[in-house]
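Enquirer: sequence and predicted structure are below.
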Amino acid sequence: MPAAFDPSAAAPPDSGIFGLPHSPDEAHVVLIPVPFEATTSYGGGTSDGPSAVLEASRQVDLFDVETGRPYERGIAMLPEPAEWRSWNSRAKERAVPIVEAGGIDPSNPELQAASTEVNQLCEQLHDAVYRTAKEWLAKGKRVAAVGGDHSISFGIIRAHAEKYPGLGVLHLDAHADLRDAYEGFTWSHASIMHNVMERIPGVKSLVQVAIRDMSEDEHRYISSSNGRVRAFFDSDINHKRFDGIPWNRQIDAMLESLPQHVYLSFDIDGLDPTLCPHTGTPVPGGLSFPEAVALIAGVVRSGRTIVGFDLTEVAPDPEGGEWDGNVGARLLYKMIGWMLKSEQPK
């Protein structure tokens, strides 16, 4: 940390994430911005999530009463790769007629070709994120991704599962994201956890929290997983709350099937939508901000180690308001802080 840096001063407008001066090489935590939302099927804007979070992060106070001074370890966000942004533009353009048609028509070769191209662009993006995450993990960094829609998580989860075989994923979301495919897109944001569980053998278990929107097939997938996937539905969480079961006791039960190494995959629509009104697919219900933070803290309280994470589906207000970015930035800082505390010897 430069001697002249004042953590209590206002952040310069062109400073790094949270107003910090660290380069990625200097930082212990490296954030990968992924401006990609090719398969968004409802509201859009999440490709601008990383820049919205970066802008809002400069208003976050760096001392945190729960986690202390996470900034002292060094936090840096990589520049957005222009190539990734161009892949997003092309994939979104090609996806539009498919989404408008409600999916692939086997008799329409033009839609088939568009679907193939979108899936190829998604694969390129996942591979690029994977290689980026793997590079920084090899340097001893803690690595996280900021999306983008939830599909962007595949590459970084793959990199962490290779470094930490037997990894568990703690998934906060309004949606189960366990569809085999959606609207003809193999790499849909609605299929991210299905792809993780079917294509990444290093992932041992998946725990889903605050799920309140899913298909019957997804529910069946959970039920037939032999405990490899455990879902804590929003309705069940609230019934327990109404019966007076404390939130921290519920958290303890949620974490029971997770191994020592835990990766957090947080779609911001897992929160109450008043906290993320412009996210792509908001659903009534969800966790409050303190409940989400307590869930993260519970992982650390349990003695487990948070090895990495992603935060996705932050979509800025098209009218220019900063609320979504503000909430995203503050959740991001809490995730970083608790991840760093989980590294400390117990």
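Expert: Right, received. Where do you want to start? Numbering: from 1, shown residues only.
Enquirer: quick one: average pLDDT of the helix or strand hosting His126?
Expert: His126 is part of helix 109-138, with elements assigned from DSSP states H and E. Per-residue pLDDT values over helix 109-138 give a mean of 94.
Enquirer: tell me the SS of the residue located most distally from the centre of the chain?
Expert: Taking C-alpha atoms, centre = their mean as the measure, the residue most remote from the mean C-alpha position of the chain is Ser107, 36.0 Å away. Secondary structure state of Ser107, per DSSP: H, G, I helix; E, B strand; the rest coil, is coil.
Enquirer: I'd like to know how far it sits from Ile157.
Expert: Going from Ser107 to Ile157 by C-beta to C-beta, to the nearest Å gives 36 Å. All C-beta atoms are positioned from the backbone trio N, CA, C, and that covers glycine.
Enquirer: which parts of this protein are strands?
Expert: Taking DSSP state E as the test, the strands found in the chain are 29-34, 75-77, 142-147, 167-172, 203-211, 229-233, 261-267, 305-312.
Enquirer: same list (the ones you listed) but as JSON lines, adding mean neighbour count.
Expert: Formatted as JSON lines, the strands of the chain follow (neighbours: other C-beta atoms under 10 Å):
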{"stretch": "strand 29-34", "mean neighbour count": "27"}
{"stretch": "strand 75-77", "mean neighbour count": "25"}
{"stretch": "strand 142-147", "mean neighbour count": "26"}
{"stretch": "strand 167-172", "mean neighbour count": "25"}
{"stretch": "strand 203-211", "mean neighbour count": "23"}
{"stretch": "strand 229-233", "mean neighbour count": "20"}
{"stretch": "strand 261-267", "mean neighbour count": "25"}
{"stretch": "strand 305-312", "mean neighbour count": "26"}
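Enquirer: test my guess that Gln250 contacts Lys240.
Expert: Yes - if you go by C-beta atoms under 8 Å, Gln250 and Lys240 touch, sitting 5.7 Å apart.
Enquirer: between these two, who's got more neighbours?
Expert: Using other C-beta atoms under 10 Å, the more surrounded residue of Gln250 and Lys240 is Gln250, with 20 against 16.
Enquirer: what sits closest to Leu31 if chain neighbours are left out?
Expert: In this structure, Leu31 finds its nearest non-sequential neighbour in Met77, 4.2 Å apart by C-beta to C-beta, 6 or more residues apart in numbering.
Enquirer: correction: the previous question concerned Ala297.
Expert: Nearest non-adjacent residue to Ala297 (C-beta to C-beta, 6+ apart): Trp338, at 5.7 Å.
Enquirer: ok, now which ones touch the one you found?
Expert: Contact analysis of Trp338 by C-beta atoms under 8 Å, 6 or more residues apart in numbering lists Glu66, Thr67, Val293, Ile296, Ala297, Val299, Val300, Ile306.
Enquirer: can you get me a residue count around the third one?
Expert: Close neighbours of Val293, defined as other C-beta under 10 Å, add up to 19.
Enquirer: list the contacts of it.
Expert: So, once contact is read as C-beta under 8 Å, 6+ apart, Val293 ends up touching Glu66, Leu331, Lys334, Trp338.
Enquirer: can you do 7 Å?
Expert: Counting by C-beta atoms under 7 Å, 6 or more residues apart in numbering, Val293 makes contact with Lys334.
Enquirer: quick one: it and Arg73, what's the gap?
Expert: Taking C-beta to C-beta, one finds Val293 at 19 Å from Arg73.
Enquirer: then the fifth one?
Expert: Counting by C-beta to C-beta, the separation of Ala297 from Arg73 is 18 Å.
Enquirer: so which of these two has more stuff around it?
Expert: Ala297 (20 against 17).
Enquirer: who are the contact partners of Lys334?
Expert: Here Lys334 is in contact with Val293, Ile296 (C-beta under 7 Å, 6+ apart).
Enquirer: for the one helix or strand in the chain whose mean pLDDT sits lowest, packing partners?
Expert: The helix or strand of the chain with the lowest confidence, counting by mean pLDDT, DSSP states H and E, is helix 82-101 at a mean of 90. Applying 3 or more C-beta pairs under 7 Å, 6 or more residues apart in numbering; DSSP states H and E, one finds that helix 82-101 makes contact with helix 109-138.
Enquirer: good, we can wrap up now.
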